[in-house]
Structure formats: structure tokens, C-alpha cells
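Asks: Predicted model, plus sequence, below.
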Amino acid sequence: MKYMSTRGKVKGINFQDAVLMGLADDGGLLIPEEIPFMSINEIEALKDKSYQELALAIMKKYISDIGETTLEKIVFKSYEAFDDERVVPVIKLGDFYLSELFHGPTYAFKDVALQFLGNLFEYILDQRNDYLNIIGATSGDTGSAAIYGVRGKKGIKIFILHPKGRVSRMQELQMTTVLDDNVFNIAVEGTFDDCQYIVKEIFSDVEFKREHHLGSINSINWARVLAQIVYYFYSYFQTDAADSMSKVNIVVPTGNFGNILAGFYAKRMGLPINKLVIATNENNILYRFVKEGDYSIKNVVQTYSPSMDIQIASNFERFLFYLFEEDADKVRKSMEQLKVEKKIFFNDELMEKVREVFDATSTSNERNLEVIKEIYEKYKYIVDPHTACGIDAVLKLKNIYDEPFIAMSTAHPAKFIDSVVKAIGVKPEIPRGLRELEDKEKRVYELDANVNLVKKFIEKNL
Ligand SMILES: Cc1ncc(COP(=O)(O)O)c(C=O)c1O
Ligand SMILES: N[C@@H](CCOP(=O)(O)O)C(=O)O
């Protein structure tokens, strides 16, 4: 399998180089040159595999420059730190399924891919006797998952930008209480979009990127998306629909569009998915896009689901590539238009294609807390505010579609205690890894949202 850029100027690179490149050198995002398709029989044959076995079977299709035994070792090691042997347990709440993606070391879905990416980096760097300086942006969860993914790994430094005062207290503590010499947390005066813009601008300076061996842990990195494809298959196999290999709808709380994009690849690979539902909070550009064809950037507002307080969804560009029938010039022009005009125009024909795959909902702050309460009262089960946006989508759409729903549960409620307590008046159980963080020593650097300031900070600390 070879990889290419959504903007067409980078082509024919192998998986390991794609992983190290992160953002494509032409400013686009790397994607596989083809999406491997599986027949329904081939998919059905994967049904009884363990999570790790399934991961290996799927990843093999996208990786041709790492031997199977090595890949197997990397995969198995990546899920050792999960607190449930199934890795992603799927439960049933009434008539819908909930896929618990938060059993990794930092209690959000990010661990599923970032534990893998950390081990992958370690393997590739060791083979090449190389080193890596990671630059990443986070709205709360990627940051700590990435830090835990690369902690203690030889030859890696990590710089994580988060929007100051816009992540939950627990998310902030998870990052800032890691005092390892190779970890730099930077609180940026701005939004997540500012942080992601800075990171992408730094990567676009290809000379700077090469000179300093910069790498990405965001879903900019194809390996992140790849590892996430696996749990769409795994979750599907845990439902009754898998008995007859019939279709399901899958709801995904969405911000940067990385999670649901993995679902899009799973669907293109042949997994029986009817609709992928984009569940947004009040930062609902993707909802407006699906419903009204309105892809225009508005100001970010702060919500109870801070990890989804995003307007400029990075992975939308990967989807555009397929929407535009693999026309990289059209993608490049659209991304330029977005940068200048803050919107992209889509005609009715394109919107029809979008709606064949996606549906979308938007959840207000008020409704978000109501859903947490409703679920708690009905099932004595506590969901986090991001997952609640997804469940709101299930409740809104379940009478419209015949197929059963799987909702992706993207974080443990203890990461968002204040909002949960506001909703139900009860504190969720705090898992071991989140206890006593408040008492620990913290370290964080503060910077204005300025590309050059961040570049200087990085150079000073290399
Ligand atoms: C808990 C949680 N839910 C949902 C999302 C949105 O996922 P994505 O950015 O992949 O769309 C995020 C952030 O990525 C998150 O941390
Ligand atoms: N919600 C994310 C934002 C970054 O997304 P990524 O998938 O591109 O890493 C976060 O929690 O940081």
C-alpha cells in the first residue's frame, strides 16, 4: 500500500514514511492510494476475532512495509494498558448500543490510536536510528493520550498546545502533571482552532520540519485514522445485526472529524453501515453542512463538551478528496477558498452525495445536560457530555431509521465532573489514573497564539 496527499503533490510513499511525515509536505493530508474493499463473507469471517487479532487483520491491508510478526507485536503491546480485556466493550442501553472507547490509560477514545502510534514511532525510529520532535494541538483529550503514548520512549520530545482555560480541569491536570523532561505543555491564548492552525503552519514550513525532525500525533497522522477504523468493525460485530450481517447506523460525537472519518473508511471497506451520524455540540458547522450545505466558519463557543469546541475540522479535507471523486486540484482550491473566504460552497448534487453517507444533529448546552440526566435516571449509567451529544442524536433519529444504532462513547464521565454533577448532582466514580492529580506538581508554559513565538519556543527547547 502506498500513500498520497489529498492535494496531489506527494505520491507513492510507504506507510512508515507517511507516519513520520504527518502532514503531507504539500500541506495536504496523507491517504491510502486505494481503500481495500472486503466482501461481506470476508468481513463475516473476522467476526469472532479478539480486538487485537481484528486490528492486525485490518491494519495489514494498509501496511506493506512492516512484517506481520512485528506488526502483531506492536498491536498487542498497544492494548496492554487498557482496563478491559475486550479493549472496546459494547453495552446495550435500552434499544441502542454504546461502544465504550474510553478504557485506555487516559480515559478517552484517543488512547486506542495513540497507544498504537507511540509504539509505532518507537519501532520506526529504532529501525532508522532517528529521533522525533512531536508537535500537537489538543482541545483536551489528544494531548494527554499522546503524552501517555510516547512517555518513556527513546528519542522523542513532545510539545502540546492547548487552548488556555478551554479544556476541563481534569484534562488540564492530566497533561500538566506530567513533568518528564521531554514533555512541554503550552497553554495558548486562543481556541483549539488557533492551536491547530499554528501546528499546521509549522508543519507547512517544510525546511523547519525537516531540520527539526517534526512529527504529528494529531489525526493529521494517517496512523491515527487507521487504528480507529478497527473499532467500527469490532463494535459492529458485538451487535445482533452481525448475526445477519445487516446494516447499522453509527453515531459519532464529532469535532475534528477524525473519529467519524475512520467510520467512513470502514463503510468504504464494505462494513454494513447505513448512516454515519455526525453529532455536534453548539459548534455545529458540520451539522449545518449536512443539513443546509452551509460550510461557513463561525466563532467557537465554549460548551460542556470542550473537546468538540472546534470549527475547522482538520479531517474534512480527507473526506473532500472522496467527495470530489479524488480530484486533488479541487481539494486544494477548496482549502484555499476556506482559508480566505471562511467558507466552501457545495452544489445540490454534491450535497446529495454527502447525505447518502451522513446524517447530523446539533445539541445545545441545555439539552446536553438533560440527556446526561435522562440516561442516568433511566439506566443508572453516567455518560460524559460528548457521548451525550451522540445519545441525543440516537434519541432524535431512532424513529426515522429502521436500522439499529451504535453510539460511540468517546470519554469517561470523570474527565468532565463539573458538567456531570451539574446534570445529575452525583459524582461519577473516579478511575485510578485520574485520582489525586490536583495534589501533584504541575508544569505549563503560556504563549500567545503566534506561529513564530511557538517556533522559537520549540527551537529553544530542542
Ligand atoms: C471526548 C471526545 N469526543 C469527541 C471528540 C471529537 O472527535 P473528532 O475530533 O475525532 O471528531 C473528541 C476530540 O477529538 C473528544 O475528545
Ligand atoms: N478533540 C481533540 C482535538 C484534536 O483532534 P485530533 O483527533 O486531530 O487529535 C482533542 O481532544 O484534542
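Replies: Structure's in. What do you need? Ligands and ions are numbered 1, 2, ... in the order given.
Asks: burial count for I158?
Replies: For I158, the neighbour count with other C-beta atoms under 10 Å is 25. The C-beta positions use only the backbone N, C-alpha and C, and glycine is treated the same way.
Asks: With N119 instead?
Replies: Count around N119 with other C-beta under 10 Å applied: 20.
Asks: which residues sit in contact with it?
Replies: The contact partners of N119, taken as C-beta atoms under 8 Å, 6 or more residues apart in numbering, are I74, K77, S78, G149.
Asks: Give me the distance from the helix or strand hosting it to the chain's centre.
Replies: Using DSSP states H and E, N119 maps to helix 110-128. Distance, stretch centre to chain centre, for helix 110-128: 16 Å (C-alpha atoms, centre = their mean, to the nearest Å).
Asks: buried sites along that helix?
Replies: Neighbour counts over helix 110-128 (16 or more other C-beta atoms under 10 Å) mark 110-125 as buried.
Asks: again, but for stretch 447-462
Replies: When burial is assessed from 16+ other C-beta under 10 Å, stretch 447-462 yields the following buried residues: L447, A449, V451, V454, K455, F457, I458.
Asks: related to what we said a few turns ago, how far off centre is the helix or strand that comes right after the helix holding N119?
Replies: Next helix or strand after helix 110-128 toward the C-terminus (DSSP H and E): strand 132-137. Centroid displacement of strand 132-137 relative to its chain, using C-alpha atoms, centre = their mean, is 16 Å.
Asks: follow-up on the earlier one: in a markdown table, list the contacts of N119 along with pLDDT.
Replies: Formatted as a markdown table, these follow (pLDDT from 0 to 100):
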| residue | pLDDT |
| --- | --- |
| I74 | 98 |
| K77 | 98 |
| S78 | 98 |
| G149 | 97 |
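Asks: quick one: which of those is nearest I382?
Replies: Using C-beta to C-beta, G149 comes nearest to I382 of those, at 26.2 Å.
Asks: Grab the nearest non-local neighbour of that closest one.
Replies: G118 (3.2 Å; C-beta to C-beta, 6 or more residues apart in numbering).
Asks: Let me know whether the one you found touches A145 as I believe.
Replies: No - if you go by C-beta atoms under 8 Å, G118 and A145 don't touch, sitting 9.2 Å apart.
Asks: just the strands in the stretch 301-450 of the chain please.
Replies: Per DSSP state E, counting those that start in this stretch, the stretch 301-450 of the chain carries strands over the ranges 343-344, 358-362, 405-409, 445-448.
Asks: Mind giving me the packing neighbours of the shortest one?
Replies: Contacts of strand 343-344 with other secondary structure elements, assessed using 3 or more C-beta pairs under 8 Å, 6 or more residues apart in numbering; DSSP states H and E, are made with strand 295-296, helix 328-341.
Asks: To ligand 1, which of these lies closest?
Replies: strand 295-296 (15.4 Å; C-beta to the nearest ligand atom).
Asks: what's near enough to touch T138?
Replies: Residues in contact with T138, defined by C-beta under 8 Å, 6+ apart, are S144, A146, I160, L161, H162, V167, M175, F192, C195.
Asks: Enumerate the residues of the stretch 201-350 of the chain near ligand 2.
Replies: The interface of the stretch 201-350 of the chain toward ligand 2, taken as C-beta under 6 Å from any ligand atom, is made up of N218, S219, G255, N256, G258, S307, S314.
Asks: Can you name the residues that contact the fifth one?
Replies: Put plainly, it is G258. Counting by C-beta under 8 Å, 6+ apart, G258 touches N218, S219, R224, V225, Q228, S314, N315.
Asks: cool, and the second one?
Replies: By C-beta under 8 Å, 6+ apart, the residues touching S219 are A113, T142, V225, N256, F257, G258, L261, S314, N315.
Asks: repeat that with 7 Å
Replies: S219 is in contact with V225, N256, G258, S314, N315, counting by C-beta atoms under 7 Å, 6 or more residues apart in numbering.
Asks: and if you look at A187?
Replies: A187 neighbours (C-beta under 7 Å, 6+ apart): H162, K164, V444, E446.
Asks: and what of Y131?
Replies: Y131 sits next to L125, G155, H213 when contact means C-beta under 7 Å, 6+ apart.
Asks: Get me the contact residues on the stretch 301-450 of the chain for ligand 1.
Replies: When proximity is defined by C-beta under 6 Å from any ligand atom, the stretch 301-450 of the chain lies next to ligand 1 at S307, M308, H386, T410, A411.
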